[in-house]
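*Asks:* Structure, please.
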Amino acid sequence: MSTSTARSRRAPVTSPFAALRIELDLSRPAFSRLLGFSERAVASWESGAQAPGEAATRALLQIERIRDGAARVMKAKAVPAWLLAPNEAFGGLKPIELIERGEHDRIWRTLFSIEAGVPL
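*Replies:* The predicted structure follows:
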């Protein structure tokens, strides 16, 4: 069986963790850091071998909300690149770094300002 045939027979992604990671074009190590959980845990949730706990589910929802908020002020396709790019509004930090640090409020203030038309 060819590799392309094997890929076409794979089941569709059903894990919300895998779906978001793929949508954001993040490696599992980067996505794990973003969530604040180990790669092993994320792999387990993605495969369905283990159910995520409440904290992991909250972290996933927070990232989904940030993705949705960013998509209101830029093209949705641009969000993955935006997450990984240094940003002057964040003192040269990448949005993904702010999320890792738990500084979601800085992202929300910036997105709100952009959406409201307030200069940064």
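*Asks:* Only C-alpha atoms from now on, for both contacts and neighbour counts.
*Replies:* Fine.
*Asks:* Next, the distance between the ends of stretch 42-51.
*Replies:* Stretch 42-51 has its terminal residues 10 Å apart, counting by C-alpha to C-alpha, to the nearest Å.
*Asks:* I'd like the distance from it to the chain centre, please.
*Replies:* Taking C-alpha atoms, centre = their mean, to the nearest Å, one finds the center of stretch 42-51 at 17 Å from the center of the full chain.
*Asks:* and if you look at stretch 72-81?
*Replies:* 12 Å.
*Asks:* Now do the buried residues in the longest helix anywhere in the chain.
*Replies:* Longest helix of the chain, by residue count under DSSP state H: helix 54-73. By 16 or more other C-alpha atoms under 10 Å, the buried positions in helix 54-73 come out as 56, 59, 60, 63, 66, 67, 69, 70.
*Asks:* before we move on, which element is residue 26 in?
*Replies:* For residue 26, there is no helix or strand it lies in under DSSP states H and E.
*Asks:* residues contacting it?
*Replies:* residue 80 (C-alpha atoms under 8 Å, 6 or more residues apart in numbering).
*Asks:* for residue 17, same thing?
*Replies:* So residue 17 contacts 42, 45, 46, 60 (C-alpha under 8 Å, 6+ apart).
*Asks:* try it again with 10 Å
*Replies:* 23, 31-32, 35, 42-43, 45-47, 52, 56-57, 60-61 (C-alpha atoms under 10 Å, 6 or more residues apart in numbering).
*Asks:* Show me which of the residues you listed is closest to residue 81.
*Replies:* residue 23 (11.2 Å; C-alpha to C-alpha).
*Asks:* And that closest one, how close does it get to residue 76?
*Replies:* 10 Å.
*Asks:* re the thing from before, mean confidence score for the longest helix of the chain?
*Replies:* The pLDDT scores in helix 54-73 average 96.
*Asks:* export it as PDB, just CAs?
*Replies:* This file holds the C-alpha atoms of helix 54-73, laid out as PDB (Å, rounded to 0.1, in the frame of the first residue of the first chain):
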ATOM      1  CA  GLU A  54     -10.600  20.100  33.800                       C
ATOM      2  CA  ALA A  55      -7.400  22.200  33.800                       C
ATOM      3  CA  ALA A  56      -6.400  20.900  30.300                       C
ATOM      4  CA  THR A  57      -9.900  21.600  29.000                       C
ATOM      5  CA  ARG A  58      -9.800  25.200  30.400                       C
ATOM      6  CA  ALA A  59      -6.400  25.700  28.800                       C
ATOM      7  CA  LEU A  60      -7.700  24.500  25.400                       C
ATOM      8  CA  LEU A  61     -10.700  26.800  25.700                       C
ATOM      9  CA  GLN A  62      -8.500  29.800  26.500                       C
ATOM     10  CA  ILE A  63      -6.400  29.100  23.400                       C
ATOM     11  CA  GLU A  64      -9.500  28.700  21.300                       C
ATOM     12  CA  ARG A  65     -10.900  32.000  22.500                       C
ATOM     13  CA  ILE A  66      -7.600  33.800  21.800                       C
ATOM     14  CA  ARG A  67      -7.600  32.200  18.300                       C
ATOM     15  CA  ASP A  68     -11.200  33.500  17.800                       C
ATOM     16  CA  GLY A  69     -10.400  36.900  19.100                       C
ATOM     17  CA  ALA A  70      -7.400  37.300  16.800                       C
ATOM     18  CA  ALA A  71      -9.500  36.100  13.900                       C
ATOM     19  CA  ARG A  72     -11.800  39.000  14.400                       C
ATOM     20  CA  VAL A  73      -9.000  41.500  13.800                       C
END
